[in-house]
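S.K.: sequence and computational prediction follow.
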Amino acid sequence: MPFVSHPVWSFTKACVYRRDRVFVLAHMPELEEQGIHITQVFRWSDEWSTFRIEWGCTALCAMEIPEPGLLSMQPEGRIHVASSSGFTEEHVDNSDEGPAHRGVLRDIRLIGEHIYVAGMKRQVYRREAPGIWSRQDQGILIPIEDDSIAGFNSIAGFSENNIYAGGWNGEIWHYDGQIWQPIDSPTNIKLEHILCVDSDTIYTCGQVGTLLKGRPGKFEAIQQDITNDDFWGMTWFNNALWLATTDAVYRLDHEDKMQKVDLGIKDVTCGWLHANDGLMWSVGCSHLLSTADGKIWKLEVLP
């Protein structure tokens, strides 16, 4: 049997809150097969600790305001909040117009001082205060009766007046704090992740090895022939872009050339990347790996 991070739990996402505090979402495949959806949140802080959420979460995000904490999101809009005040539960929108009826939420991000979520039919909400969420999708929201498959898989921003969202059919939109405007996209391939890097550089990646690089108002495809697998995860670390498929991690150099990264494990699983405070984590269904330099990778093993 290959060396894995845990023989029972399957991992999906991680959030590097800081170098010495990392959160990981995990699920148990045996329970999932029985229709039982729970989430185990593992926290690394000198040693492993854990807490359970009694429903399935697919994304997570750290916050600082009004207090440090972690938000874990269920696709239909339930939000689990873990902070120094304890555990609480919120709902983005449990009305008949919300994600349970309109389409699932795909992403949750801290942008500026607020948490944003985005999902199908171009839904976007902002957390105004604990338990209070407001719509931020005026003018782009697809009517609930529209059966077309469209929406956002990811949202990111330089500030709350400079936000990008992307998703199905290669759609990319920009929000200036008042109005959403579409941006010409060089692809109609589904985009899975979007990342704002420096003052004016945006990357978005997706199916069949699609990678786009953008400047305000313009995106271009980065041509690469190293893989046709879907890119799911992406992060910026050590002054470079890193991308993940389900079985590999890639690095984009300064000349926009892509290289496969040696993670030191045969038959490794990947899929999600997150970096912060000089540390990057790779998350696959069976493997959790961390690196401080992008060269030496450590397999993180849960007790």
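M.R.: Received, thanks.

S.K.: hmm, Ser185 and Phe219 touching each other?
M.R.: Yes - between Phe219 and Ser185 there is a contact under Cβ atoms under 8 Å: 5.9 Å. The way it works is simple: take the backbone N, C-alpha and C, and place the C-beta from them, glycine included.

S.K.: now do the shared contacts for these two.
M.R.: Both Phe219 and Ser185 are contacted by Ile172, Leu212, under the criterion Cβ atoms under 8 Å, 6 or more residues apart in numbering.

S.K.: the chain: helices as residue ranges?
M.R.: Ranges of helices within the chain are 29-33, 99-102, based on DSSP state H.

S.K.: for Asp229, give me its contacts.
M.R.: Contacts of Asp229 (Cβ under 8 Å, 6+ apart): Val208, Gly209, Thr245, Thr246, Asp247, Ala248.

S.K.: ok, back up a step: rank the helices of the chain by pLDDT, which is bottom?
M.R.: Here the lowest mean pLDDT among the helices of the chain goes to helix 29-33, at a mean of 89.

S.K.: so what touches it?
M.R.: Val8, Ser10, His37, Ile38, Gly56.

S.K.: what sits against the closest residue to the second one other than its chain neighbours?
M.R.: Taking Cβ to Cβ, 6 or more residues apart in numbering, and ignoring the residues beside it in sequence, Ser10 has Cys285 as its nearest neighbour in space, at 4.6 Å. Residues near Cys285 by Cβ under 8 Å, 6+ apart: Ser10, Phe11, Thr12, Thr246, Thr269, Gly271.

S.K.: highest neighbour count among those residues?
M.R.: The residue in the contacts of Cys285 with the most neighbours, by other Cβ atoms under 10 Å, is Phe11 (26 neighbours).

S.K.: re the thing from before, return the most buried member of the helices of the chain.
M.R.: The highest mean neighbour count among the helices of the chain, using mean count of other Cβ atoms under 10 Å, belongs to helix 99-102: a mean of 20.

S.K.: make JSON lines from the contacts of helix 29-33 and add distance to Ser159 and pLDDT to it.
M.R.: Below are the contacts of helix 29-33 laid out as JSON lines (distance: Cβ to Cβ, whole Å; pLDDT from 0 to 100):
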{"residue": "Val8", "distance to Ser159": "42", "pLDDT": "94"}
{"residue": "Ser10", "distance to Ser159": "36", "pLDDT": "97"}
{"residue": "His37", "distance to Ser159": "35", "pLDDT": "93"}
{"residue": "Ile38", "distance to Ser159": "36", "pLDDT": "96"}
{"residue": "Gly56", "distance to Ser159": "32", "pLDDT": "97"}
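
S.K.: so which of those sit within strands?
M.R.: Among these, the ones falling in strands (DSSP state E) are Ser10.

S.K.: mind putting the contacts of Cys285 in JSON lines, distance to Asp93 included?
M.R.: JSON lines is the format used below for those (distance: Cβ to Cβ, whole Å):
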{"residue": "Ser10", "distance to Asp93": "29"}
{"residue": "Phe11", "distance to Asp93": "29"}
{"residue": "Thr12", "distance to Asp93": "23"}
{"residue": "Thr246", "distance to Asp93": "31"}
{"residue": "Thr269", "distance to Asp93": "34"}
{"residue": "Gly271", "distance to Asp93": "28"}
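
S.K.: out of the residues you listed, which is nearest to Thr235?
M.R.: Proximity of the contacts of Cys285 to Thr235 was ranked by Cβ to Cβ; the top entry is Gly271 with 12.3 Å.

S.K.: endpoint to endpoint, stretch 66-78 covers what distance?
M.R.: Taking Cα to Cα, to the nearest Å, stretch 66-78 runs 19 Å from one end to the other.

S.K.: if you average pLDDT over that stretch, what comes out?
M.R.: pLDDT averaged over stretch 66-78 gives 96.

S.K.: beta-bridge partners for Tyr203, please?
M.R.: Note on Tyr203: beta-bridge partners by DSSP bridges are Leu195, Lys213.

S.K.: quick check: buried residues in stretch 245-253?
M.R.: Thr245, Thr246, Ala248, Val249, Tyr250, Arg251, Leu252 (16 or more other Cβ atoms under 10 Å).
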